[in-house]
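Engineer: what's the 3D shape of this:
(chains A and B)
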Amino acid sequence: MGAAQQAASDSHEAASASTSSVNTGLNAATRPQAGESAGVLRANAVGSDEAVQLLDEQGHALHDATFSPYIAALSPETIRGFYRDMAIVRRFDAEATALQRQGELALWVPVVGQEAAQIGSGRAMNSADYAFPTYREHGVALTRGLDLADLLKLFRGVSNGGWDPRESNFHLYTLVLAAQTLHAVGYAMGIQRDLAADPATEPAAVVAYFGDGSSSEGDVHESMVFAASYNAPVVFFCQNNNWAISVPFEVQSKVPLVNRAGGYGIPGIRVDGNDVLAVYAVSKWALDHAREGHGPVLIEASTYRVGAHTTADDPTKYRENAEEELWKTRDPLQRLEAYLRAENLADDEFFTQVKNDGDELAAHVRKATLALGGADIRQKFATVYAEAHPLVAEELAWFEKYEASFVDAQNAETEGGAA
Amino acid sequence: MSTMTIAKAITEGLRATLSNDPKSFLMGEDIGSLGGVYRVTEGLKKEFGAHRVMDTPLAESGIIGTAIGMALRGHRPICEIQFDGFVFPAFNQITTQLAKIRTRTDGQLSAPVVIRIPYGGGIGSIEHHSESPEALFAHTAGLRIISPSNANDAYWMIQQAVACKDPVIVFEPKRRYWLKGEVDTENSPGDPFKAHVVREGSDATIVSYGPLVPVALAAANAAAEEGRSVEVIDLRSISPIDFDTVEASVNKTGRLIVTHEAPTFGGIGGEIASRISERCFYSLEAPAIRVGGFHMPYPVARVEEHYLPDIDRMLEALDRAFAY
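Structural biologist: Predicted coordinates for the structure are as follows:
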């Protein structure tokens, strides 16, 4: 850790000791104090634990020498697209939550509040790049071109996956926390091997998504060790949403997670995870860095899980309403909308259209989900192994015979009734 | 045909794989310049380069987790876990991820990772260096578990494991690494998931695998001196288990002894005894008898001789079987 980082860290710890239980998620160095202008939250370059910000909470543009050029290169259409994606995934999320409440899904994992972190990082990826999500990356899924209805197959109990990852370069959801971070590093090492074998291979980078809770898992540590050792083209994208179900971030780490990057000898960038422009720029920088052979990068996106961990969770038991209200003022959609309107990049017609598109997607998702059939246990027998397996074959044969015995009994009854 | 130790046969099998399959590579702790703690990969880094024989950070979960990622990208990682008792940091990746990828993807993707694990006791070593955890993995659907007992199988089975589209764990009988045998490098012994009858007999069947196969053969020879004709089956594959070969044998002999170093409770022997009891109920002259480790953590080296099944314990089990 550099001296500046150490100082920031120290001040953070000192502040933590004296502040209320309200968890703002931004450390003391960057936390806005009452009366301060949002412009205090200046963008910072790589290596600092201050969060990069390109839009303040009112949607005013901030300048950063390293990251602003990535936004300057974007067309208004692209920036409007960020808004559209965020709004659509929020609408999708509401529909999925409703489906769960109506008994159509076993569980749902809401993403509300984290749209900017997901859309910004997802849109920064090239088509050849590959993402390994946790189980909450619905926004990233949208950017990878998935039919979002496919995400619900897992939660409706018809598949443990739901899509072919090769079509979207968006891996299946992984429920064992942090396991996917190692898969991501391995996949990135596989890209290196492909490049070594054939220089015509399209360069690509991998994004390993994880959260502040997962950051305590050993696999995250091992994945960073491997990535650093082999200089793997992987971007570790941590959405620090401040809560691991009911446990606040302070229990996972006493310092911003980005500080850990230095321990692995890799660059770390902290970004305001509710600022889609900053997330996009930082992710683009990191992906380019990785893809060009400079090795892994850790991004910590400070955001907030506005909703519950899952539909089975009850945040009122462990956090204060004031905290949720504070974070609602940092809403990623409102921030970008203010920017788009102030810069005359979008008008009412656009926002109406986005709303209609969201409703249309929600209707599609509902229809597709309700139309999903059951699962076939025979297909489950068929997918345990790639090659023939005598035990599976024996158990399937027994099962078929057992099932057929009921059919025979039914037929016998029918015949008996007719006689 | 040439004579080589089991360790050397695995080295040669790995060499053949590295030569034939450009997507294959080895990864593990100390497998490069050192050639592994048992020297099984000796010389391979020099021949194929650090790119194909990778020394990894000291992190078992990291080894298996990154191997899964590389396999998803189309590569063929062959991982070495240094000792049986050190596989557990990777247990999560093996059982919750590797074993389930095919099912999770509804059959669209496979992660054909090969994991080599030297296992078993009898080497006078310290804690965690003598264990037999194969049943823990055999219980997990999606994995294949094999264990060679001789040099020829060792040479071929590692290559067949790499060629298999499913994840395969190869448990290598470390106390037999220096056991010599004939290796036919031209003709494969066939399906690695089929059991072999390694000694024919008519009065009882001993089923074993890995390090105890030579002990079972010695017990059968000793029993022959007492006029008992004992058939010995080398299971070779622990998942799947070739029950058909065992069934045919027990239908002929009427008596079944299953022996392994792993504790009997919850072990492979119980699974075989149960299945064969169903399949061969009318042929059995005695209940199936298990000879295995006790229900204790693997004991200290000074007493391991009392823990490990030996010829006498197998003969005692045969006596019990013949007493019915």
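
Engineer: what does the stretch 251-400 of chain A have sitting close to chain B?
Structural biologist: For the stretch 251-400 of chain A, the residues in contact with chain B (Cβ under 8 Å from any Cβ of the partner chain) are A:379-380, A:382-387, A:389-392. (C-beta placed from N, C-alpha, C; glycine too.)

Engineer: For ChimeraX, write the selection for the buried entries among those.
Structural biologist: Provided next is the ChimeraX selection string for whichever of these are buried by 16 or more other Cβ atoms under 10 Å in any protein chain shown:
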select /A:380,383,384,385,386,389,392
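
Engineer: among the residues of the stretch 251-400 of chain A next to chain B, which two are most distant?
Structural biologist: A:Gln379 and A:Pro390 (19.0 Å; Cβ to Cβ).

Engineer: On the three-state scheme, the nearest residue to A:Ala382 once chain neighbours are set aside is what?
Structural biologist: Distance criterion Cβ to Cβ, 6 or more residues apart in numbering or on different chains; nearest residue to A:Ala382, sequence neighbours excluded, is B:Gly107 at 6.4 Å. For B:Gly107, the secondary structure call by DSSP: H, G, I helix; E, B strand; the rest coil comes out as coil.

Engineer: A:His183 versus B:Gly107, what's the distance?
Structural biologist: B:Gly107 is 18 Å from A:His183, where distance means Cβ to Cβ, to the nearest Å.

Engineer: More neighbours: which of the two?
Structural biologist: Taking other Cβ atoms under 10 Å in any protein chain shown, B:Gly107 and A:His183 do not tie; A:His183 has more neighbours (31 against 16).

Engineer: what's around B:Glu304, how many residues?
Structural biologist: When counting by other Cβ under 10 Å, one arrives at 18 neighbours for B:Glu304.

Engineer: pretty sure it contacts B:Ser130?
Structural biologist: Yes. The criterion here is Cβ atoms under 8 Å, and B:Glu304 meets it with B:Ser130 at 6.7 Å.

Engineer: Quick check, pLDDT for A:Ser9.
Structural biologist: In this model, A:Ser9 is scored at 39, pLDDT.

Engineer: Please report how far A:His309 lies from A:Lys153.
Structural biologist: Relative to A:Lys153, A:His309 is positioned 21 Å away (Cβ to Cβ).

Engineer: Ignore what I typed, I meant B:Leu34.
Structural biologist: According to Cβ to Cβ, B:Leu34 and A:Lys153 sit 47 Å apart.

Engineer: For the two, work out which one has more neighbours and name it.
Structural biologist: Per other Cβ under 10 Å, whichever of B:Leu34 and A:Lys153 has more neighbours is A:Lys153, with 20 against 13.

Engineer: Quick one: the strands in the stretch 51-200 of chain A, in order.
Structural biologist: For the stretch 51-200 of chain A, strands defined by DSSP state E, counting those that start in this stretch occupy the ranges A:130-132.

Engineer: Can you name the residues of it that neighbour chain B?
Structural biologist: Checking the stretch 51-200 of chain A against chain B by Cβ under 8 Å from any Cβ, the hits are A:159-161, A:164-166, A:171-172, A:174, A:176, A:179, A:181-191, A:193-194, A:196-197.

Engineer: Please pick the buried ones from those residues.
Structural biologist: A:159-161, A:165, A:171-172, A:174, A:176, A:179, A:181-191, A:193-194.

Engineer: Give me the most central residue, chain B.
Structural biologist: B:Ser147 (2.0 Å; Cα atoms, centre = their mean).

Engineer: so who does it touch?
Structural biologist: Contact analysis of B:Ser147 by Cβ atoms under 8 Å, 6 or more residues apart in numbering or on different chains lists B:119, B:134, B:170-173, B:209-210, B:235-238.

Engineer: check contacts around the nearest residue to B:Arg275 once chain neighbours are set aside.
Structural biologist: Among residues not flanking B:Arg275 along the chain, B:Phe243 sits closest, at 5.4 Å (Cβ to Cβ, 6+ apart). Listed by Cβ under 8 Å, 6+ apart, the contact set of B:Phe243 reads A:390, B:272, B:275-276, B:279.

Engineer: what about the residue of the stretch 1-150 of chain A found nearest chain B, neighbour count?
Structural biologist: Closest residue of the stretch 1-150 of chain A to chain B, Cβ to the nearest Cβ: A:Phe132 (8.0 Å). By other Cβ under 10 Å, 33 other residues sit near A:Phe132.

Engineer: ok, now how distant is it from A:Ala232?
Structural biologist: 13 Å.

Engineer: Please enumerate the shared neighbours of those two.
Structural biologist: Contact criterion Cβ under 8 Å, 6+ apart; residues shared by A:Phe132 and A:Ala232: A:Val206.

Engineer: how near is A:Thr201 to A:Lys284?
Structural biologist: For A:Thr201, the distance to A:Lys284 (Cβ to Cβ) stands at 21 Å.

Engineer: who's more crowded, these two?
Structural biologist: Set side by side, A:Thr201 and A:Lys284 show more neighbours around A:Lys284, with 22 against 14, by other Cβ under 10 Å.

Engineer: isn't A:Thr143 right next to A:Met125, touching?
Structural biologist: Yes. Counting by Cβ under 8 Å, A:Met125 is a contact partner of A:Thr143 at 7.1 Å.

Engineer: What pLDDT is listed against the residue nearest to A:Ala382?
Structural biologist: 95.

Engineer: Give me the nearest residue to B:His128, chain neighbours excluded.
Structural biologist: B:Gly85 (2.9 Å).

Engineer: For the one you found, the count of nearby residues, please.
Structural biologist: The number of residues near B:Gly85, taken as other Cβ under 10 Å, comes to 20.
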